[in-house]
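*Asks:* Sequence and predicted structure, then a few things I'm wondering about:
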Amino acid sequence: MTADLQRVLIVRTDRLGDVILSLPMVLALRKAFPRVAVSMLLQHYTGAIVEGHPCVEEILWYDAEGQLVPFLAMLRTIRARRFDAVVVARPTGRLAWLMFLARIPVRLGTGYRYYSLLFNRRVFEHRKDARRHELEYNLNLLAPLGISAEANRGPVSFGITVSPDEERAAKNILIANGVVPDRPFAVIHPGTGGSAREWQLGNFGDLGARLNSRKRLPIVVTGSLSEEELVRTLVQIIGGGAVPLDGKLSLRELAAVLRLASVWIGHSTGPLHLAVAVGTPVVGLYPQLLPMSPTRWGPYSDRSRVHVPDRPTDCTECVGGKLGHCPCMDTITVNEVFRSVEELLADGESLGS
């Protein structure tokens, strides 16, 4: 059956970073089955980054106007495409039932959920153990189709493109905010969207001020509309040479700005993976806790540096606490991060970028 695959659906209905780390699956499928048409089931707030992907035939939307598409309407949409196979990279009971009732012949998913019997090709791999990268876990889901993750290791392409019009729009936004887009600048993204433990804002402020004064590097501070206060506070701490772009950028405009940047600095978030996907060097700040570790969620790039607290993984100040500011994260020093940025900037100069 798999030798005749013509239409495959990849399901990833969660956050931005998860979607980006699923995109190499598309290219692996096309490599194994050159004539296959790959579609993706996504939410609108992440799906914009996949629009225009050269190997994605169609995007199916899992939500409309902020709400999930009703079950029966979603089922009709999926069934009408007559997919040969579906890969459920982000499993839920609802999604498993949708794929089962849509009568998709080959249904790939985890073997460790109560609803896993609805998948007829199951992969038994616990992601919470963080033994490999999320991108590699995703590729491993393709093993029942005869696609080896090992054969797809090494440099990867995410297929995210920035059009000339989007680059022009990004340059105009930067110019309007006093940043010369054809000269080096750094992007600091202090927020986490509630997905990671946080380095103190004062640390980011000290770092930004040093980069601006010692390296003459303008600082662009990004964040969502809901992070306006966070972004504006950081800009004030850094002082001159920093500009806020909170809520001013669409997802694709953000990709274009990141592609123009010399370096990106922030936590384990979707924008980190977006920066990697468009080829920008990154410095990532990660907690020492296993489920959030850089082994699983780190930047999938050689042009990166990662900082993790030298603290025990069972630290009582962190484990069981809410996401947000964490004393362990503050053991990462500004000096360490500054040196990492310097190294990446020097590497960029040696590469002529």
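*Replies:* Nice, thanks for sending it over. In this text, all values refer to a predicted model and were calculated from it rather than measured experimentally.
*Asks:* what about this structure, any weak spots by pLDDT?
*Replies:* 1-3, 149-154, 314-325, 349-353 (pLDDT under 70).
*Asks:* Show me the strands in it, by range?
*Replies:* For the chain, the strands defined by DSSP state E cover 7-11, 37-42, 56-61, 63-64, 67-68, 85-88, 106-110, 121-123, 186-189, 219-223, 242-246, 263-267, 282-285, 304-307.
*Asks:* Dump those strands into a markdown table; add mean neighbour count and distance to N172 as well.
*Replies:* All C-beta spots, glycine's among them, are computed from the backbone N, C-alpha and C. Listed next are the strands of the chain as a markdown table, based on neighbours: other Cβ atoms under 10 Å; distance: least, Cβ to Cβ, whole Å:
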| stretch | mean neighbour count | distance to N172 |
| --- | --- | --- |
| strand 7-11 | 24 | 34 |
| strand 37-42 | 24 | 28 |
| strand 56-61 | 16 | 27 |
| strand 63-64 | 14 | 30 |
| strand 67-68 | 10 | 34 |
| strand 85-88 | 27 | 39 |
| strand 106-110 | 22 | 43 |
| strand 121-123 | 18 | 46 |
| strand 186-189 | 26 | 17 |
| strand 219-223 | 26 | 14 |
| strand 242-246 | 21 | 13 |
| strand 263-267 | 27 | 20 |
| strand 282-285 | 26 | 25 |
| strand 304-307 | 19 | 29 |
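*Asks:* Was I right to think A102 contacts D84?
*Replies:* No - between A102 and D84 there is no contact under Cβ atoms under 8 Å: 11.7 Å.
*Asks:* still on that earlier bit, and the strands of the chain as a markdown table, adding distance to L211?
*Replies:* Compiled in a markdown table, those are given as follows (distance: least, Cβ to Cβ, whole Å):
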| stretch | distance to L211 |
| --- | --- |
| strand 7-11 | 38 |
| strand 37-42 | 35 |
| strand 56-61 | 37 |
| strand 63-64 | 38 |
| strand 67-68 | 42 |
| strand 85-88 | 41 |
| strand 106-110 | 42 |
| strand 121-123 | 43 |
| strand 186-189 | 6 |
| strand 219-223 | 6 |
| strand 242-246 | 10 |
| strand 263-267 | 9 |
| strand 282-285 | 11 |
| strand 304-307 | 14 |
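*Asks:* wait, which of the ones you listed is closest to A169?
*Replies:* For A169, the closest of the strands of the chain is strand 242-246, at 12.7 Å, according to Cβ to Cβ.
*Asks:* So for I49, what's the nearest residue that isn't a sequence neighbour?
*Replies:* L251 (5.3 Å; Cβ to Cβ, 6 or more residues apart in numbering).
*Asks:* thinking that neighbour is in contact with G52, fair?
*Replies:* No - with contact defined as Cβ under 8 Å, L251 does not reach G52; the gap is 11.9 Å.
*Asks:* ok, so what distance separates the residue lying closest to L16 once chain neighbours are set aside from E166?
*Replies:* Nearest non-adjacent residue to L16, counting by Cβ to Cβ, 6+ apart: G270, 2.9 Å away. Distance of G270 to E166, computed by Cβ to Cβ, to the nearest Å: 18 Å.
*Asks:* The two - which one has more neighbours?
*Replies:* G270 (23 against 18; other Cβ atoms under 10 Å).
*Asks:* Surely that one touches D14?
*Replies:* No - at 10.1 Å, G270 does not count as touching D14 under the criterion of Cβ under 8 Å.
*Asks:* Need the residues touching each of those two.
*Replies:* Shared contacts of G270 and D14, defined by Cβ atoms under 8 Å, 6 or more residues apart in numbering, comprise T46.
*Asks:* Mind giving me the packing neighbours of the biggest helix by length in the chain?
*Replies:* Of all segments of type helix in the chain, defined using DSSP state H, the longest is helix 334-350. Helix 334-350 is packed against helix 201-214, strand 263-267, strand 282-285, strand 304-307, with contacts defined by 3 or more Cβ pairs under 8 Å, 6 or more residues apart in numbering; DSSP states H and E.
*Asks:* Mind listing residues that contact it?
*Replies:* Contact partners of helix 334-350, identified using Cβ under 8 Å, 6+ apart, comprise 184, 186, 203, 206-207, 210-211, 215, 217, 262-263, 265, 281, 283, 285, 303-305, 307.
*Asks:* Only the buried residues of it, if you could.
*Replies:* For helix 334-350, burial by neighbour count (16 or more other Cβ atoms under 10 Å) applies to V334, V337, F338, S340, V341, L344, L345, G348.
*Asks:* how about CSV for those, with distance to V88 added?
*Replies:* CSV is the format used below for the buried residues of helix 334-350 (distance: Cβ to Cβ, whole Å):
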residue, distance to V88
V334, 42
V337, 37
F338, 42
S340, 37
V341, 39
L344, 36
L345, 41
G348, 39
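*Asks:* what's around the nearest residue to S293 once chain neighbours are set aside, how many residues?
*Replies:* Closest residue in space to S293, ignoring its immediate chain neighbours: A130 at 5.0 Å, by Cβ to Cβ, 6+ apart. Residues lying near A130 (other Cβ under 10 Å) number 18.
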